[in-house]
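K.L.:
what follows is a predicted structure for the sequence shown.
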Amino acid sequence: MKLSRLFLYSSLLVLAACGFHLKGLSSTTQQLPYSEWRVVNGSALHDALSTEISRQKDARINPQADAVLQVIEAVQSRDIQTLNRSGAVNEYLLVLRLTAQAKYQGQDLGEPMTVVVQRNFSYSDNELLGKQQEEADLWQDIYRDAAGQMVRRMSFLPQAATPEAKP
């Protein structure tokens, strides 16, 4: 008993010492390269991307900003994951593939960034109305997750080679 507790505590100490953090417990330490951004062609993801940018330290959304996050492609798919014994759908795989390009005064900042978010969605014909709402909520969660991942990637973008760029 004492040996197992000792092992547990020592493994926790090793994890803490190497910088291990649980997902979602820490924010991005990097700041975005520019303080004002606008989102272009965001459609369904516009609100999620704007919210995530606004949550970053010293960043905000401005419709006239020179720094632009242009959504190139946002493809969502709903594929059959598993079938039950009678051949009916038991589970779907919901996938969002988001590709965006960051620009400053028309100049590309790095390469286009791609984020892929997947979720499993159990399905039952008996609970059709409840499952429709659950799927809509799951898509909103996928949008938030994709927007968060995109903003984390944006924090590592290089700055444009212009004299007006923030140091």
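P.N.:
Now that the structure is in, tell me what you want to look at.

K.L.:
distance between stretch 32-41 and the chain's centre?
P.N.:
16 Å (C-alpha atoms, centre = their mean, to the nearest Å).

K.L.:
quick one: contacts of that stretch?
P.N.:
Residues from elsewhere that reach stretch 32-41 (C-beta atoms under 8 Å, 6 or more residues apart in numbering): 46, 49-50, 53, 56, 58-72, 104, 109, 151, 154-155, 157-159, 165-166. In this view, the C-beta of every residue, glycine as well, is placed from N, C-alpha and C.

K.L.:
quick one: average confidence on that stretch?
P.N.:
Averaging pLDDT along stretch 32-41 gives 93.

K.L.:
buried residues in that stretch?
P.N.:
Using 16 or more other C-beta atoms under 10 Å as the test for burial, stretch 32-41 gives 32-34, 36-39.

K.L.:
check stretch 67-84 too.
P.N.:
Residues of stretch 67-84 classed as buried by neighbour count (16+ other C-beta under 10 Å): 67-71, 74, 76, 81.

K.L.:
in strands, which of those fall?
P.N.:
Judged by DSSP state E, the buried residues of stretch 67-84 include 67-71, 74, 76, 81 as members of strands.

K.L.:
any chance of these in a markdown table, with distance to Asp141 and pLDDT too?
P.N.:
Shown next, in a markdown table, are those (distance: C-beta to C-beta, whole Å; pLDDT from 0 to 100):
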| residue | distance to Asp141 | pLDDT |
| --- | --- | --- |
| Ala67 | 27 | 95 |
| Val68 | 26 | 96 |
| Leu69 | 20 | 96 |
| Gln70 | 24 | 96 |
| Val71 | 19 | 96 |
| Ala74 | 15 | 95 |
| Gln76 | 13 | 95 |
| Gln81 | 17 | 90 |
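
K.L.:
nearest to Gln133, of these?
P.N.:
Distance to Gln133, by C-beta to C-beta, is smallest for Gln76 among those, at 17.2 Å.

K.L.:
that closest one - nearest residue in space that isn't next to it in sequence?
P.N.:
Distances taken as C-beta to C-beta, 6 or more residues apart in numbering place Leu96 nearest to Gln76, at 4.8 Å, with adjacent residues excluded.
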